Every structure is written in structure tokens, then in C-alpha cells.
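> need the 3D shape of this:
(one chain, ligands or ions: 3)
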Amino acid sequence: MSDSTTDTPLSIDSLPKHVAVIMDGNGRWAKAQGKARVFGHKAGVEAVRKTVSVANRFGIKVVTLFAFSSENWRRPEAEVSLLMELFMTVLGREVKRLHKNNIRLKIIGDTSRFSQRLQDKIAAAEALTAGNTGMVLNVAANYGGQWDILQATKRLAVQVAEHGLTAEDITEDMLAEGLTTAGLPDVDLLIRTSGESRISNFMLWQMAYAEMYFCEQHWPDFDEDSFANAMAWFVNRERRFGCTGEQLQALLQQ
Ligand code: IPE
Ligand code: IPE
Ligand code: MG
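Numbering: from 1, shown residues only. Ligands and ions are numbered 1, 2, ... in the order given. Below you'll find the predicted structure:
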């Protein structure tokens, strides 16, 4: 007897369009091996490469990676500078590969606090890949979800003043157009590694209806199989968007 689940081909529409990842656990990974935290950050770069590559092969439209939060400045100065240096090096080294794979890179976050050198490198990387039509790769750096909503609100306030609008004229779409992810689909799936089940001020507006996948692996151990497991978990979720399961069933029978 054939199994109906294996008979039904999995459609690309069942996969998430936008996958966001909180890459957590670099420090704990390193500590578990008696090494300094920086080794974990360096090892995490390989997990980034694997994730981008496998997401691209799955045909995911948008991937957003949380690389540095607005709260991460509170870490020891040496760790912050190491992370900045690493970001510089990786950006320089990987951007050609991204370009070759038709991936469009965008750094989202308040980059004004970065060194001029890093800001220039970011601008060059974004410009090189701006015309690419494949997957969009957002790297969230000095990013905070509350900051994103606040900066969108400020833009909206300017728009309201310039066009003589009233409070009643403001719509959700108008606010979303000011977010760093304007024009991109909302997050369908959030992955967070290393056992923590919190959002840590990541994309608050964009994750309103995201499925949340928390796994125990530390980020440097995350690989193609880990990503595929998260995809399988997502496909098996029943997403309701505020409807009841019965309503969805009825829709299927129309
Ligand atoms: C994630 O790993 C990387 C960044 C936040 C930059 P952590 O550095 O948070 O590692 P843990 O959570 O301390 O293990
Ligand atoms: C969130 O991880 C930020 C990034 C992965 C860049 P953290 O490790 O900084 O988050 P908290 O402090 O544990 O919430
Ligand atoms: Mg952490």
C-alpha cells in the first residue's frame, strides 16, 4: 500500500518565503571546549555559509540573519571589536560568492554607529549585489526590532507633516513601508539555536505571525541537515492566521 504523504509532492509554496535566524550559542560552544568565546564566533561563520547555501538551494526568497543586536554593545569591548573585525573580514571575503550566486545582500540596522571603514565596505557590498534577482540575504547588524519600528514611525511622522495627513489616514501598510524590510514578505519561520526561547528584540513587527522553531544545537554546529529539519518542522505546522482549523478545512473543500 502506498503512503499518501509520500505520494503528494511537496510544493515550494509549502516552504517559508522568509526565514529569520537568531544565531545564538557561539560563546557556549567555545566554552564547552575550553576555548575563548571568539573561537565560537569564528566557527559560526561556517554555519552562516552553510545556511545561506542550503536556503538558496531550497529556493527560499528571503533569509534574515541576526548578527549583532543593538544590545550587544553591552558586551566587553574586546568582544565587540572582534565581532566588528570579523564582520569586516567576512563581508570582504564572502560578497563575491554571494554575487556569483545572484544573491542580493542588505545590511539592516543602525549602521551609523559603525566605523567609516565598515560603513564603506557595507555600501560597496550592497551596491555590487543590488541588481541581483535571486535570494535576498538580510544581515541584521546593530539591529533592534523596537529601533526598526521607531525609525519607521519617524519617517511616517515626516510624511504626515509633508502631506497634511491626519492620524486616521495612517495604515499598517504605511508603517511597514518605512521598516528596513519594506517590500519583503513578513517572516514565516524564526529559527533560534542554543536552547533559548526568546525573541531578544529581533524583528518584532515582521514576526507577528511567524512560526517559532527553537533548537538545542549551538550555532557553530548548525548545518544543512539542521536547516532541513527546521523546514520539515515548518511544513508540518498548521498555520491558522487567527482562523479555526475547521475554517481552513472548509476552505479546502470549496
Ligand atoms: C551569538 O552567540 C552571537 C552573537 C550574539 C554575536 P553568543 O555570543 O550570544 O553566544 P552565547 O549565547 O553567549 O553562548
Ligand atoms: C541575540 O543573541 C542577538 C544575536 C544573535 C546577534 P544574544 O545572545 O545577544 O541574546 P540574549 O542577550 O541572550 O537575549
Ligand atoms: Mg547569546
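
> C-alpha from now on. contacts and neighbour counts both.
OK.

> how about the residue of the stretch 101-250 of the chain found nearest ligand 2, secondary structure?
Residue nearest to ligand 2 within the stretch 101-250 of the chain (Cα to the nearest ligand atom): Ser200, separated by 4.4 Å. Of the three states, Ser200 takes coil under DSSP: H, G, I helix; E, B strand; the rest coil.

> where does the residue most central in space within the chain land in three-state SS?
With distances taken as Cα atoms, centre = their mean, the residue of the chain nearest its centroid is Thr64 (1.9 Å). Recorded secondary structure, Thr64: strand (three-state DSSP).

> distance of it from Glu46?
Distance of Thr64 to Glu46, computed by Cα to Cα, to the nearest Å: 16 Å.

> the longest helix in this protein is where?
For the chain, the helix that runs over the most residues, judged by DSSP state H, is helix 77-100.

> now the next helix or strand after that helix against helix 77-100, angle please.
With elements assigned by DSSP states H and E, the helix or strand that comes after helix 77-100 is strand 104-108. Put simply, strand 104-108 runs at 150 degrees to helix 77-100, going by axes from the mean of the first three to the mean of the last three Cα atoms, to 10 degrees.

> in strand 104-108, what counts as buried?
Judged by neighbour count using 16 or more other Cα atoms under 10 Å, the buried positions of strand 104-108 are Arg104, Leu105, Lys106, Ile107, Ile108.

> got the residues of the stretch 51-200 of the chain near ligand 1?
Remark: the part of the stretch 51-200 of the chain in contact with ligand 1 comprises Ala67, Phe68, using Cα under 6 Å from any ligand atom.

> so which bits of the stretch 51-200 of the chain are right by ligand 2?
Residues of the stretch 51-200 of the chain lying near ligand 2 by Cα under 6 Å from any ligand atom: Phe66, Ala67, Phe68, Ser69, Asn72, Ser200.

> which of the residues you listed are buried?
Buried members of these, counted by 16+ other Cα under 10 Å: Phe66, Ala67, Phe68, Ser69.

> and the second one, its phi and psi?
Okay, so that is Ala67. Per-residue torsions, Ala67: phi -100, psi -30 (degrees, to the nearest 10).
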